[in-house]
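Asker: Okay, here's the prediction I keep looking at, along with the sequence it came from:
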Amino acid sequence: MKRFFFSFLACACCMAAIGQRNNLKDYVTVTFVPNHADWVYEVGETVRLDVSVRKHYVAVPNQEITYEWGMEQREALEAKTTNTGKGIVTLDLKGASEPGFMTCKVTTKVDGRTYSNYITVGFDPQDIKPTTQLPPDFTTFWEAAINDARKTPLEPLMTLQPDLCTPFADVYHVRFQNTQPGTYLYGMLSVPKKEGVFPAVLRVPGAGVRAYSGDKSFFPEHDVITLEIGIHGIPVNLPAQVYADLRENALWGYNTYNNDDRDRYYYKKVYVGCVRAVDFLCSLPNVDTERLAVYGGSQGGALSVVTAALDKRIKCLSAAYPALAEIAGYHHGRAAGWPKIFRNPDEVSLQEKVQVSEYYDVVNFARFITVPGLYIWGYNDQVCCPTSTYSVFNVITAPKQLLTVLDCAHWLYPEHAAMQKEWLLEELKK
């Protein structure tokens, strides 16, 4: 089977998937050892999993377990109870009938407490095809939106934040106009203290509502200007309680606001705002406009793809587990990426919302990527599931690399976050 992506095996030597990462380790763990080290199978191939329940790292014998096996985030196709025997039980599981991912979840009770874990494996993932359709006026829709926004001057305001500055960088709270007069984007700009012209990196945010302190991770070893933006049109240096109140009230469920109207959907001003953030960077005299990058994870992974597709000034991107992909996946009988808004759809307005989602689905932006990209995710991600992220990756025709950290869920190990930034720096040197 042809493999055109490379995998970074998190535990290549032992191949044991602990599955999820917690700040506190579970007293009892359910572990899996698949018979394929890369967790990838051919369509129809049987999956063999060695499953054990471990306490103090030692397999517990004669432990009753219940397992469920089925397509990713769908109803189980098989559910049975068995026993670990001498400590390890081997499950032979029927493979998928088409390219995609399947999940095995195991639950057990030890000393009256319930423990569970899961593993997700792929079947010819490089052959996954998206379900979302490309609207015929997709490019003209977004070109018009950006051109309309650029009729509004940026009118930037930069305010030094002395408490956030470092010996190497000055940090500014910035504001500039977005889609029309009086609508703003806010962010934190980190600028080297030394004189010169520098490459710039736009960091786009994951989902939520929060403050930002500026992305200074490229300092002190590298001279890079960074702009970390929020997407909600509110300052990013307010007290924490302000964001908590907004999360639970005015901005609760923002990802579905007006999602039955392509011109009013919440993400329209967000996607256009990312381009306006590039406009702002390019307006700075100390930015090298030939060396611009964008990166982020989850919602930020989505916005990285969107920005690179809409703005050809971007030289490279890195997207970790991009969200907003295969938005209508559940409508088509398969797993969908965050925000999973059609899991329990309103049938009255479903079709209209599905059509609107096609203008915002990251898969459709990925079709227009023309610059190198590094993409990162794990198979155990249930927020931005690999079915959806492979749908993005597989349509990209530009130079691309995929770093699969198999046991990762919706997070990265610090080593891989560092690799992401190292890759961006290398690309910006070219």
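Answerer: Nice, thanks for sending it over.

Asker: residue boundaries of the helices in the stretch 101-250 of the chain?
Answerer: Listed from the start of the chain, the stretch 101-250 of the chain has helices (DSSP state H, counting those that start in this stretch) covering 138-149, 240-248.

Asker: for those helices, which one sits closest to Ile369?
Answerer: Proximity to Ile369 (C-beta to C-beta) singles out helix 138-149 among the helices of the stretch 101-250 of the chain, at 13.3 Å. Just so you know, the C-beta spots here come from the backbone N, C-alpha and C atoms, and that holds for glycine as well.

Asker: Name the residues that touch that closest one?
Answerer: Residues outside helix 138-149 that contact it (C-beta atoms under 8 Å, 6 or more residues apart in numbering): 135, 178-180, 262, 268, 271-272, 275-276, 310, 358-359, 364, 368.

Asker: list the buried ones in that helix?
Answerer: With burial defined by 16 or more other C-beta atoms under 10 Å, the residues of helix 138-149 counted as buried are 138, 142, 145-146, 149.

Asker: again, but for stretch 337-351
Answerer: Across stretch 337-351, burial judged by 16+ other C-beta under 10 Å covers 337-342.

Asker: Same question for stretch 108-116.
Answerer: Using 16+ other C-beta under 10 Å as the test for burial, stretch 108-116 gives 108, 115-116.

Asker: I'd like to know which of these is nearest to Pro205.
Answerer: Set against Pro205, the nearest of the buried residues of stretch 108-116 by C-beta to C-beta is Ser116 (31.2 Å).

Asker: is that closest one in a bridge, and if so with what?
Answerer: Beta-bridge pairing of Ser116 under DSSP bridges involves Thr107.

Asker: Next, work out how far apart it and Lys109 are.
Answerer: 10 Å (C-beta to C-beta, to the nearest Å).

Asker: Surely Val275 is within a helix?
Answerer: Yes: under DSSP: H, G, I helix; E, B strand; the rest coil, Val275 falls within a helix.

Asker: Just give me the neighbour total for it.
Answerer: The number of residues packed near Val275 is 21, by other C-beta atoms under 10 Å.

Asker: Likewise for the one 3 residues further on?
Answerer: Residues contacting Val278 under the criterion other C-beta under 10 Å number 23.

Asker: swap in Gln299?
Answerer: Neighbour number of Gln299 under other C-beta under 10 Å is 25.

Asker: show me what contacts the nearest residue to it once chain neighbours are set aside?
Answerer: In this structure, Gln299 finds its nearest non-sequential neighbour in Ala207, 4.1 Å apart by C-beta to C-beta, 6 or more residues apart in numbering. Going by C-beta under 8 Å, 6+ apart, Ala207 touches 255, 298-299, 323, 338-339.
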